[in-house]
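> Coordinates for the following, if possible.
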Amino acid sequence: MARLVLLALVLIVVALAVQVAIGLVQAVSARQQARRAGTMVARRKVTHRLPAPSRRLPNRSEIVAFLESHDGVEAYLEPETAMTPATVVLVDDAGQWRRFPVDDGRELRRTVTPFHVPVYDAAVMGYPERMRRRKDPGDEAAP
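A predicted model of the protein is given here:
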């Protein structure tokens, strides 16, 4: 009698294990089919970003004013990070610099083209030494 009860318990456990395995196979199969059909949304780590800005250059008048009032200006585009939006740093001959937020590098290039300002990628080129000699934007040269 004990053997019969033990055999019944083993059969129940095996049946449950088979049902779980079948459920897992069906879930994987359904996921693969959804992925192939393009209906599955990719699971990504959510980053908290501000809404996408419009395709215009904020502070355009301030950028133009800086370009008109300084000689030998170069532009250094800084990429967007998780904490900050994309920005541009304008540096003049003397090392005076100013940072502006930008929505789109193309719009910045359209703005600075009439002034013959070269635009560099700050992540690739780095910043000029004359800029590093300054303590803060607009300050006189550091001692």
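> Now for this protein, the helix or strand with the poorest mean pLDDT.
None of the helices or strands of the chain scores lower by mean pLDDT, DSSP states H and E than helix 2-37, at a mean of 81.
> Buried residues in the next helix or strand after that one, which are they?
Note on helix 2-37: by DSSP states H and E, the next helix or strand toward the C-terminus is helix 60-69. Neighbour-count burial for helix 60-69, counted by 16 or more other Cβ atoms under 10 Å, picks out I63, F66, L67. Any C-beta I mention is one placed from the backbone N, CA and C, and that applies to glycine too.
> gap between the two ends of stretch 73-81?
Stretch 73-81 has an end-to-end distance of 25 Å (Cα to Cα, to the nearest Å).
> Over to stretch 98-111?
16 Å.
> do the same with stretch 70-81
29 Å.
> can you list contacts of it?
66-67, 84, 86-93, 96, 99, 102, 105, 108, 112, 115, 117-123, 125, 127-128 (Cβ atoms under 8 Å, 6 or more residues apart in numbering).
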